[in-house]
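Undergrad: task: produce atomic coordinates for the following.
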Amino acid sequence: MNIKALIPTPTEFGREALILIGGALIAAFLMRQLPSVKAYIREAWGEPGAHT
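TA: As a prediction, this is how the structure comes out:
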């Protein structure tokens, strides 16, 4: 097994970072524009910080 094959190149890392940030921005936009989506997510996952 080649250990270098497991370490991502800077290009791969950057691409994945952009995908992650883009997904978070899209999710935030949808939650802001569609209150029903926000309510559904809160119902399904609970309030933030309320986990014990």
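Undergrad: can you classify Ala28 by secondary structure?
TA: helix (DSSP: H, G, I helix; E, B strand; the rest coil).
Undergrad: where along the chain do the strands fall?
TA: With DSSP state E, there are no strands along the chain.
Undergrad: tell me the contacts of the residue nearest the centre of the chain?
TA: With distances taken as Cα atoms, centre = their mean, Ala24 lies nearest the centre of the chain, 4.6 Å away. Contacts for Ala24 (Cβ atoms under 8 Å, 6 or more residues apart in numbering) come out as none. Using the backbone N, CA and C atoms, a C-beta is placed for each residue, glycine as well.
Undergrad: how far away is it from Leu6?
TA: Using Cβ to Cβ, to the nearest Å, we find Ala24 at a distance of 25 Å from Leu6.
Undergrad: just the endpoints, please. Distance across stretch 3-10?
TA: Stretch 3-10 stretches 16 Å from its first residue to its last (Cα to Cα, to the nearest Å).
Undergrad: where does the chain have low pLDDT?
TA: Under the criterion pLDDT under 70, the flagged ranges of the chain are 50-52.
Undergrad: so where do the helices sit in it?
TA: Along the chain, the segments classed as helices by DSSP state H run 10-33, 35-45.
Undergrad: quick check: angle from the first one to helix 35-45?
TA: Yep, that's helix 10-33 we're talking about. When axes from the mean of the first three to the mean of the last three Cα atoms, to 10 degrees is applied, the directions of helix 10-33 and helix 35-45 differ by 110 degrees.
Undergrad: now do the buried residues in helix 10-33.
TA: In terms of neighbour count (16 or more other Cβ atoms under 10 Å), helix 10-33 has no buried residues at all.
Undergrad: what's the offset of that helix from the middle of its chain?
TA: With Cα atoms, centre = their mean, to the nearest Å as the basis, helix 10-33 stands 7 Å off its chain's centre.
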